[in-house]
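S.K.: Predicted model follows, preceded by the sequence.
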Amino acid sequence: MNEIEHPVQMQLDAYNRRDIDDFMRWWAPDCRYFAFPDTLLADGAAAIRARHVERFAEPALHGRLLHRSVVGTLVVDHETVRRTFPEGPGELDVLCFYEIENGLIARAWFRTGERRLDGP
């Protein structure tokens with residue numbers, strides 16, 4: 001693993017453990033978090049933390065990495081994420097774009113696919 005993808009992998013590992021402190025260790029204090037392409041969802045580490053404290057309470061939460069590409073300081077992950085949606089448990093595909101600066105995630109964009117709910 002190279003130094004550019006290292007913070008991305010570390011935050012994914014912390015995400016899957018639902019370890020908010022370790023997860024936040026990999027985000028810059030002034031990071032910005034977007035729904036792709038340009039809808040700002042969280043501005044700064046405190047806002048990202050608040051967003052994920054709630055998410056980490058979901059019992060089925062898990063991100064499975066399908067593919068990763070690294071070009072320059074940009075890491076692009078294709079993941080399948082298990083969630084507990086209001087309608088019930090399921091999964092969705094997510095493209096995650098991470099821009100790395102000084103060993104931390106400075107900006108991130110997420111493009112989500114359609115929810116696939118577990119059957120009855």
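M.R.: In hand now; what should we look at? Residues are numbered from 1 along each chain as shown.

S.K.: quick one: V76 from V53, how far?
M.R.: 26 Å (Cβ to Cβ, to the nearest Å). From N, CA and C alone the C-beta is placed, and that goes for glycine too.

S.K.: How about I20?
M.R.: For I20 relative to V53 (Cβ to Cβ), the value is 6 Å.

S.K.: Neighbour count: these two, which is higher?
M.R.: Comparing I20 with V53 by other Cβ atoms under 10 Å, the one with more neighbours is I20, at 16 against 13.

S.K.: E54 is in contact with the more buried one, correct?
M.R.: No - taking contacts as Cβ atoms under 8 Å, I20 lies outside contact range of E54: 10.3 Å.

S.K.: For the closest residue to G44 other than its chain neighbours, give me its contacts.
M.R.: Among residues not flanking G44 along the chain, D30 sits closest, at 6.0 Å (Cβ to Cβ, 6 or more residues apart in numbering). Shown in contact with D30 (Cβ atoms under 8 Å, 6 or more residues apart in numbering): 44-45, 106.

S.K.: before we move on, which element is D30 in?
M.R.: strand 27-35 (DSSP states H and E).

S.K.: and that strand, which residues are buried?
M.R.: 27-28, 31-34 (16 or more other Cβ atoms under 10 Å).

S.K.: Taking the residues you listed, tell me the two that lie furthest apart.
M.R.: Greatest spatial distance among these (Cβ to Cβ): A28 and F34, at 14.3 Å.

S.K.: measure P86 to L117 for me?
M.R.: Taken as Cβ to Cβ, the span from P86 to L117 is 11 Å.

S.K.: more crowded one of these two?
M.R.: Each of P86 and L117 has its neighbours counted (other Cβ under 10 Å); L117 has more, 13 against 4.

S.K.: just to revisit the earlier point, counting by contacts, list what whichever helix or strand comes after the strand holding D30 packs against.
M.R.: Where DSSP H and E defines the elements, the next helix or strand beyond strand 27-35 is strand 39-43. Contact here means 3 or more Cβ pairs under 8 Å, 6 or more residues apart in numbering; DSSP states H and E; on that basis strand 39-43 packs against strand 27-35, helix 45-55.

S.K.: Lovely, talk soon.
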